[in-house]
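A.B. asks: sequence unavailable; structure follows:
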């Protein structure tokens, strides 16, 4: 998760920051929010449209039921209050990427309200309240051509289903905001309602930032930061805005309510426009769309189908499997990884959960960094078998790492490779002692140095002995036998 970020308010301890995030999340549906037009990312410009998306006369919207189902999933997962009856409204503004001249959204009757997001920062569990989660459609995309008074409009994204997750102003630092946003991304991916890809615009965050004298309960004047497309930039933009507002106030100025755009290349923000109020959009209920009615049975079905959530799984990994909190946090970063690890724990080999966790983090995550976990040749029960072979003393840790690489290449089970290639660890004390005596006799100066007090020479002799035995000697036995021989 996010590392601690030094708060700009630290430099001015008389102020504290107040932050709330508005997160737009694209839902993983095959068609758009109110029409059958497809939602394929990267398609040719304006190829994912239809009469409804284009706002042609007589074209009527129809609600995408799958989008409502997805919104209900996150509503239930965040313990939100689900409205039995919610409505869509028209939000009016005029921009080239909005063909109808309005966006269909939800206003005074949103689907979900008063939820809670759980996240972890510096190993400590925290939570922040939600104001609402509502459904809406996305707008298109304008591309402004450099040096020309021309813009291109691509309506492929217009009409794509979104949920807007509006947070209460409960966050007090850029680090908290980053951890909160990462937890939201984890949750939407865990629930399989979105890919959460910020680079492709599937997850977009606007930050509302204000400052106030420390100890004051009244909120200060907020500014909204837009155009932030990564976790790192969310934190940087908020830090910059906190510092900017503190500088304005301490210089005798007054913070004005406005929308500012973040310029990641320059590391600064600039004013876009004064902040709109709700009445500026002239909201009214969409006459073409009936209310969304959610029955108790529908909510019950969604609730029963939910997987165990990340926070619950983290707690269980710590309490039931004895994992350190950090390990549990890493292993629940993605649902597929948590499932993989649990399958390894449940494998017939009955490998130690803590040792499995260590192998997953140090070896497995290294090799699957750029590929899907499902495509890894090493399956959960194979890793469990490998760890069990180490615990049984059949192979050493060094052999195990080499064996892991061979399993990755061939997809064979570890015991098959061990038996075929004779990789079983040597625990014969007489054989190890004979090899150790030969090394000591061949290295009299090093032996004398050890006896003179250079304890680090023991590692040298251990390495030489294991090497002489083809890497198969039991390291603990080698260590014990060499100590006895060198100190005799």
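C.D. replies: Alright, I've got the coordinates. These numbers come from a predicted model, not from an experiment. Residues are numbered from 1 along each chain as shown.
A.B. asks: which residue ranges form the strands in the stretch 151-300 of the chain?
C.D. replies: Under the criterion DSSP state E, counting those that start in this stretch, strands of the stretch 151-300 of the chain are mapped to 151-154, 161-167, 203-213, 223-228, 258-263, 268-274, 284-285, 292-293.
A.B. asks: for these, which one ends up most surrounded?
C.D. replies: Highest mean neighbour count of these: strand 161-167, a mean of 24 (counted as mean count of other Cβ atoms under 10 Å). For the C-beta atoms, the positions are set from N, CA and C on the backbone; glycine is no exception.
A.B. asks: got the angle between that one and strand 203-213?
C.D. replies: Between strand 161-167 and strand 203-213, the angle formed by their directions is 20 degrees, by axes from the mean of the first three to the mean of the last three Cα atoms, to 10 degrees.
A.B. asks: any idea how far strand 161-167 is from the chain center?
C.D. replies: Relative to the chain's own centre, strand 161-167 is displaced by 17 Å; criterion: Cα atoms, centre = their mean, to the nearest Å.
A.B. asks: for it, which helices and strands make contact with it?
C.D. replies: If you count contacts as 3 or more Cβ pairs under 8 Å, 6 or more residues apart in numbering; DSSP states H and E, strand 161-167 packs onto strand 15-26, helix 65-77, strand 124-137.
A.B. asks: the strands of the stretch 151-300 of the chain: lowest mean pLDDT?
C.D. replies: Ranked by mean pLDDT, these end with strand 268-274 at the bottom, a mean of 81.
A.B. asks: partner strands of that one, parallel or antiparallel?
C.D. replies: strand 258-263 (antiparallel) (DSSP bridges).
A.B. asks: work out the gap between the strand it pairs with and the centre of the chain.
C.D. replies: 25 Å.
A.B. asks: tell me which residues in stretch 140-157 are buried?
C.D. replies: By 16 or more other Cβ atoms under 10 Å, the buried positions in stretch 140-157 come out as 140, 153-157.
A.B. asks: same question, stretch 444-464
C.D. replies: In stretch 444-464, counting by 16+ other Cβ under 10 Å, buried: 446-447, 450, 457, 460-462, 464.
A.B. asks: what's the mean pLDDT across that stretch?
C.D. replies: Stretch 444-464 comes out at a mean pLDDT of 85.
A.B. asks: how far out from the middle of the chain is stretch 109-118?
C.D. replies: 21 Å.
A.B. asks: give me the mean pLDDT for it.
C.D. replies: For stretch 109-118, mean pLDDT is 96.
A.B. asks: list the buried ones in that stretch?
C.D. replies: Of all the residues in stretch 109-118, those buried under the rule 16+ other Cβ under 10 Å are 109-113, 115, 117-118.
A.B. asks: among the residues you listed, which two are most distant?
C.D. replies: The most widely separated members of these are 109 and 118, with 26.6 Å between them, by Cβ to Cβ.
A.B. asks: okay, now the unreliable bits of this protein?
C.D. replies: Low-confidence segments of the chain (pLDDT under 70): 1-12, 274-279, 428.
A.B. asks: so which residue is dead centre in it?
C.D. replies: Closest to where the C-alpha atoms of the chain average out (Cα atoms, centre = their mean) is residue 186, at 4.3 Å.
A.B. asks: my understanding was that that residue contacts residue 338; is that so?
C.D. replies: No - Residue 186 lies out of contact with residue 338 (Cβ atoms under 8 Å); the separation is 10.6 Å.
A.B. asks: overlap in contacts of the two?
C.D. replies: With contacts taken as Cβ atoms under 8 Å, 6 or more residues apart in numbering, residue 186 and residue 338 have residue 310 as neighbours in common.
A.B. asks: nearest to residue 220, out of the helices and strands packed on strand 161-167?
C.D. replies: When the helices and strands packed on strand 161-167 are compared by Cβ to Cβ, strand 15-26 sits nearest residue 220, at 6.8 Å.
A.B. asks: and that closest one, what does it pack onto?
C.D. replies: So strand 15-26, by 3+ Cβ pairs under 8 Å, 6+ apart, packs with strand 161-167, helix 174-190, strand 203-213, helix 231-250.
A.B. asks: packing partners for the longest one?
C.D. replies: For helix 231-250, the helices and strands in contact under the criterion 3+ Cβ pairs under 8 Å, 6+ apart are strand 15-26, helix 174-190, strand 203-213, strand 223-228, strand 258-263, strand 268-274.
A.B. asks: since that was my last question, I'll sign off now.
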